[in-house]
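Colleague: Structure here, sequence nowhere to be found:
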């Protein structure tokens, strides 16, 4: 998570203070996370998924989230995981 935060210049989403900062820059932060999740298949995209889970755990931030954007970004991750398990 630290590498993702540093690379994308995000607040530390593992802390309450970091989540509070999301309220001010929600659109920018979500654009960065959704882009990372949907266009990459590496450890950083997994960290981005975890960051999205943290955001969804905050009722205020979850209410600001557009469900269609989140689902369209996360769907390829789930499909890739299924493909990896089937090929093993």
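Modeller: Arrived safely. Quantities reported herein were computed from a predicted structural model and do not represent experimental measurements. Residues are numbered from 1 along each chain as shown.
Colleague: Please pull out the lowest mean pLDDT helix or strand from the protein.
Modeller: Least confident helix or strand of the chain, by mean pLDDT, DSSP states H and E, is helix 67-87 with a mean of 61.
Colleague: Contact partners for residue 3?
Modeller: 44, 47 (C-beta atoms under 8 Å, 6 or more residues apart in numbering). Just so you know, the C-beta spots here come from the backbone N, C-alpha and C atoms, and that holds for glycine as well.
Colleague: Next, it: secondary structure please.
Modeller: At residue 3, secondary structure determined by DSSP: H, G, I helix; E, B strand; the rest coil is helix.
Colleague: And the pLDDT for it?
Modeller: Among the per-residue scores, residue 3 shows a pLDDT of 87.
Colleague: ok, now residue 24?
Modeller: 92.
Colleague: quick one, phi/psi of it?
Modeller: phi -80, psi -30 (degrees, to the nearest 10).
Colleague: what about residue 48, helix or strand, and which?
Modeller: In this assignment (DSSP states H and E), residue 48 forms part of helix 43-56.
Colleague: tell me what that helix is packed against?
Modeller: Applying 3 or more C-beta pairs under 8 Å, 6 or more residues apart in numbering; DSSP states H and E, one finds that helix 43-56 makes contact with helix 2-8, helix 16-22, helix 26-39, helix 59-64, helix 67-87.
Colleague: if we look at the fourth one, which residues are touching it?
Modeller: Residues outside helix 59-64 that contact it (C-beta under 8 Å, 6+ apart): 19, 22, 23, 26, 55, 56.
Colleague: Pipe those into JSON lines and attach distance to residue 42 and neighbour count per row.
Modeller: Formatted as JSON lines, those follow (distance: C-beta to C-beta, whole Å; neighbours: other C-beta atoms under 10 Å):
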{"residue": "19", "distance to residue 42": "24", "neighbour count": "18"}
{"residue": "22", "distance to residue 42": "23", "neighbour count": "22"}
{"residue": "23", "distance to residue 42": "29", "neighbour count": "12"}
{"residue": "26", "distance to residue 42": "25", "neighbour count": "15"}
{"residue": "55", "distance to residue 42": "20", "neighbour count": "21"}
{"residue": "56", "distance to residue 42": "22", "neighbour count": "12"}
